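> Attaching a predicted model along with its sequence, questions to come.
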Amino acid sequence: MFDSIAIVGATGAVGRLIRQMLEERDFPYEKITFLASKRSAGSTITFKGQEHTVQELTPESFQGIDLAIGSTPDDTAAEFVPWAKAAGCVVVDESGYWRMDPTVPLVVPEVNPEAIRDHQGVISSPNCSTTQMVVAMKPLHDAGRIRRVVVSTYQATSGAGVKGQQDLTEGSRAALDNSDYKYEAFKYPIAFNLIPQIGGPKHEGYTSEEMKMVHETHKIFADDTIRVCPTCVRVPVVNCHSETMLVETEKKITVAEARELFANFPGIKLIDDLDSGQYPMPSDCDGDDAVFIGRIREDLSSDNGLTFWCVSDNLRKGAATNAVQIAELLVKSAATAS
Ligand SMILES: NC(=O)c1ccc[n+]([C@@H]2O[C@H](COP(=O)([O-])OP(=O)(O)OC[C@H]3O[C@@H](n4cnc5c(N)ncnc54)[C@H](OP(=O)(O)O)[C@@H]3O)[C@@H](O)[C@H]2O)c1
């Protein structure tokens with residue numbers, strides 16, 4: 001058990017959910033500290049019925065803290081993680097900054113829990129669009145070895161934080177009222193629109209979000225030969241990312257076998273009955289920790305291909321739940337070691 005824990009970025013979209021997760025899952029600790037920027041320092045958070053004052057993140061913040069769960073922008077994580085490590089505090093980090101560092105395990109507990117063994121004070125949680133994809137890939141990979149994935153994402157505005165959520169609600173209201181709204185998280189209006197760019201230009205026409213899905217998948221499966229072709233699109237949905245996935249395996253997996261594999265995999269919920277119109281939708285998956293799968297069918301354009309639809313709450317399994325599950329693995333491994 002960690003006596004003293006901190007949430008860094010406690011006031012953000014993911015930070016709020018981390019607080020909720022710690023409470024829901026009854027995460028063990030003695031003392032908790034909430035850290036954020038100067039902007040929110042002094043504001044109060046009610047947690048487990050008690051009021052806590054948000055403190056400004058500074059180099060001294062980690063004295064006496066054993067575990068920090070961070071969900072801040074990348075540049076903030078780049079700065080605070082070394083402060084935490086120097087104070088002997090272990091960090092589970094949600095940001096993109098440390099994920100591809102070779103000394104930092106990138107962990108999804110249903111997929112590669114063993115990777116936490118090698119941590120040197122920091123463990124990263126993947127990008128939300130990667131997390132749900134690798135959970136969906138894992139049972140198929142174990143059964144038939146995945147060689148190729150073509151994935152298109154339909155990503156909710158909450159993936160861009162509190163300002164992203166606000167842009168959708170305020171921007172929609174303004175569009176209906178015929179009034180002006182200045183978008184903060186998005187370059188173009190997201191109300192009644194789709195934006196086929198998430199992140200900046202990164203590699204031969206792919207965006208940084210798309211290349212995260214390639215590199216993070218390779219790291220999590222420790223296999224650079226899996227070919228991943230992503231297209232990431234922002235859609236006017238408040239919460240829950242959806243993905244269409246086409247997966248080609250070395251050994252053929254039938255639709256019936258895939259259904260059974262998904263149904264028996266921890267963390268996956270199967271809703272798959274096109275005849276009665278049953279499939280997962282963001283509005284149904286909001287607030288659930290699972291990765292939902294439906295619309296499973298054979299790929300008509302290849303021999304060993306399956307295609308399906310995958311939805312998950314990006315703030316939960318895509319972020320907060322995964323981070324808290326990593327922290328729970330740390331607690332368990334500390335208990336086993338002692
Ligand atoms: N949203 C998702 O679905 C999702 C999924 C996976 C990973 N992530 C990653 O998680 C991180 C947080 O995302 P989010 O969506 O929660 O963003 P957000 O809503 O914008 O929240 C950002 C948090 O970081 C804090 N912060 C910003 N600058 C800071 C600074 N200089 N010093 C200390 N704290 C600072 C903010 O505090 P103030 O309130 O004081 O500004 C806030 O608590 C990002 O790295 C994101 O890429 C997000």
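Structure received. Numbers count the residues shown, from 1 in each chain.

> make it CA atoms for all contacts and neighbour counts henceforth
Fine.

> tell me which element residue 109 falls in.
Taking DSSP states H and E as the definition, residue 109 sits outside all helices and strands.

> dump the residue contacts of it.
322, 325-326, 329 (C-alpha atoms under 8 Å, 6 or more residues apart in numbering).

> do the same with residue 262
Residue 262 touches 136, 139, 268-270, 293, counting by C-alpha under 8 Å, 6+ apart.

> now, which of the contacts of residue 109 sits nearest the ligand?
Minimum distance to the ligand across the contacts of residue 109 is 9.2 Å, recorded for residue 322 (C-alpha to the nearest ligand atom).

> That closest one: which element?
helix 321-337.

> helices or strands up against that helix?
Using 3 or more C-alpha pairs under 8 Å, 6 or more residues apart in numbering; DSSP states H and E, the elements in contact with helix 321-337 are helix 13-24, strand 90-93.

> Could you figure out how far that helix is turned away from helix 13-24?
50 degrees (axes from the mean of the first three to the mean of the last three C-alpha atoms, to 10 degrees).

> hmm, back to that, give the PyMOL command for selecting the buried subset of the contacts of residue 109.
Selecting only the buried entries of these in PyMOL, with 16 or more other C-alpha atoms under 10 Å as the criterion:
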select buried, resi 322+325+326+329
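
> residues making contact with the helix holding residue 322?
Taking C-alpha under 8 Å, 6+ apart as the criterion, the residues outside helix 321-337 that touch it are 1-2, 18, 21-22, 27, 69, 92-94, 107-109, 113, 116, 125, 289, 315-316.

> switch the cut-off to 6 Å
The contact list for helix 321-337, computed with C-alpha atoms under 6 Å, 6 or more residues apart in numbering, reads residue 1.

> per-residue pLDDT, the residue lying farthest from the centre of the chain?
Largest separation from the mean C-alpha position in the chain: residue 178, at 34.7 Å (C-alpha atoms, centre = their mean). pLDDT for residue 178: 96.

> Can you pull the residues of the stretch 1-150 of the chain lying near the ligand?
Within the stretch 1-150 of the chain, the residues that sit near the ligand (C-alpha under 6 Å from any ligand atom) are 9-15, 36-40, 57, 71-74, 76, 94-96, 127-128.

> Please indicate which of those residues are buried?
Buried by 16+ other C-alpha under 10 Å: 9-15, 36-37, 40, 57, 71-72, 76, 94-96, 127-128, out of these.

> And the nearest residue to residue 180 once chain neighbours are set aside, which helix or strand is it part of?
For residue 180, ignoring the flanking residues on the chain, the nearest one in space by C-alpha to C-alpha, 6 or more residues apart in numbering is residue 174 at 6.0 Å. Element membership of residue 174 [criterion: DSSP H and E] is helix 161-177.

> what comes up buried for the very next helix or strand once past that helix?
Using DSSP H and E, the helix or strand that follows helix 161-177 in sequence is strand 201-203. When burial is assessed from 16+ other C-alpha under 10 Å, strand 201-203 yields no buried residues.

> How about residues contacting strand 201-203?
With C-alpha under 6 Å, 6+ apart as the test, strand 201-203 has contacts from 207-208.

> what's downstream of it, the next helix or strand?
Next helix or strand after strand 201-203 toward the C-terminus (DSSP H and E): strand 206-207.

> Can you list the strands that that next one pairs with?
Under the criterion DSSP bridges, strand 206-207 sits next to strand 201-203 (antiparallel) in its sheet.

> Let me know the average pLDDT across the partner strand.
The pLDDT scores in strand 201-203 average 91.

> got the residues of the stretch 201-338 of the chain near the ligand?
So the stretch 201-338 of the chain meets the ligand at 314-315, 318-319 (C-alpha under 6 Å from any ligand atom).

> Tell me which of the helices and strands packed on helix 321-337 is the most buried.
Across these, the average number of neighbours (mean count of other C-alpha atoms under 10 Å) peaks for strand 90-93, which reaches a mean of 27.

> distance between that strand and the chain's centre?
15 Å (C-alpha atoms, centre = their mean, to the nearest Å).

> Please name every helix or strand in contact with it.
The contact analysis (3 or more C-alpha pairs under 6 Å, 6 or more residues apart in numbering; DSSP states H and E) places strand 90-93 against strand 67-70, strand 122-124.

> any chance of those in TSV, plus mean neighbour count?
Listed next are the helices and strands packed on strand 90-93 as TSV, based on neighbours: other C-alpha atoms under 10 Å:
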stretch	mean neighbour count
strand 67-70	27
strand 122-124	27
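
> For those, give me a markdown table that also has mean pLDDT and distance to residue 102.
Formatted as a markdown table, the helices and strands packed on strand 90-93 follow (pLDDT from 0 to 100; distance: least, C-alpha to C-alpha, whole Å):
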| stretch | mean pLDDT | distance to residue 102 |
| --- | --- | --- |
| strand 67-70 | 98 | 19 |
| strand 122-124 | 98 | 11 |
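
> thinking again about what came up before, just the ones of the contacts of residue 262 in strands?
Under the assignment DSSP state E, the contacts of residue 262 contribute 268-270, 293 to strands.

> ok, and the most crowded of these?
When neighbours are taken as other C-alpha atoms under 10 Å, the top entry among the ones in strands among the contacts of residue 262 is residue 293 (27 neighbours).
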